[in-house]
Each structure stands twice: as C-alpha cells, then as structure tokens.
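Undergrad: after the sequence you'll find the predicted model.
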Amino acid sequence: MNETDRWLREYGENHANMGYPVVYWAAVAGTAIATVGMLWALPVPAAFTAISPVLNWGSAYLMAAVIYYFIISLSLAIGMLPFATGLAVLLQWLSQATLPLGMLAAGLFALSVAGLWLGQLGRGGVRAVFGDIQLMMIAPAWLLANLYRRLGIPV
C-alpha cells in the first residue's frame, strides 16, 4: 500500500459514521476556501505584484497544494485542478468586493469550524476539529478519491 492510500484510508476510518455528514463536508470545503481566502488577503511584497497581479500568499498556497497533489497522485491532482482554479477565480472576484476579503474569509472560517464541530459531534469534539483543520488539504482529495472509486477511476 502506498503512502497516499494509507492517508486516504486513515482519513476515511477517522470519519466513518459522522453525525451530520452533509454539514461536515460543507464545512470542510468552507475551511479550505476560508484559509486560502485569509492568505489571499494578506499584504504581498511589491515583487509579487511585479510578477503577476494574481500572485499572492493564497495563490502561492494553491500552487503548492496542486504540486503536493501531483506528488501523491496524478489522477487526484488532475481532479483537484478545477477546484483550485475555481477557488482562485472566486477569491480574485471577492477581493474586488466592497467587503474586505479577510473579514469574509474569517467569518466563513468561524462558520466552518462550527460545522466541523457539529459533524464530529460525539466523535472527539474539539480535538477532532483541530485534526480536521490540520488535514484540510487531504479532505478534498479524500472526497475526490471516493468519487473516483465509485466511478471506477484509479486513484
């Protein structure tokens, strides 16, 4: 069993029989979006904007995440590219909004953490929520891997 399969299996075992799975998975997506959004809102050095107006801490994080996905699994990386691209487009659009992106992202993060807690209710409480935050980039890959298995696509 390779490392990717082991991580995905362990993540799946830790998240079996959740109380509110729909709330939980929405919260997982919200946590990833909010974290990248908060990074996106951070000030950047002038050298970043000289390279590209879209280069910032959030887009750098997304690029690193996609590279990580390519390292662990080619099929997962290809499947995660639309998510990463869509997230970048959404955050670029939100960064032009009247409300500050950092505030929007922080609010979404707070709601998402509450959703993670509700999804883990009776399964480890706060400790489980902190574990989920640590593994927030594995969770979308785990969801995609489950979809791939149902469709017969190798992970």
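TA: Arrived safely.

Undergrad: how about stretch 148-155: buried residues?
TA: Residues of stretch 148-155 classed as buried under the neighbour-count rule (16 or more other CB atoms under 10 Å) are 148, 155. C-beta here means a position set from N, CA and C on the backbone, and glycine is covered the same way.

Undergrad: adjust the sequence numbering to begin at 821 for everything that follows.
TA: Okay, using 821 as the starting number, the last item reads as stretch 968-975.

Undergrad: off-centre distance for that stretch?
TA: For stretch 968-975, the separation from the chain centroid amounts to 20 Å (computed by CA atoms, centre = their mean, to the nearest Å).

Undergrad: now Leu964, nearest residue through space, not along the chain?
TA: The shortest distance from Leu964 to any residue that is not its chain neighbour, by CB to CB, 6 or more residues apart in numbering, is 4.7 Å, and that residue is Gly899.

Undergrad: who touches that neighbour in this structure?
TA: If a contact means CB atoms under 8 Å, 6 or more residues apart in numbering, then Gly899 has 964, 967-968 as its contacts.

Undergrad: state the mean pLDDT of the helix or strand containing it.
TA: Using DSSP states H and E, the element containing Gly899 is helix 894-914. Helix 894-914 shows an average pLDDT of 91 in the prediction.
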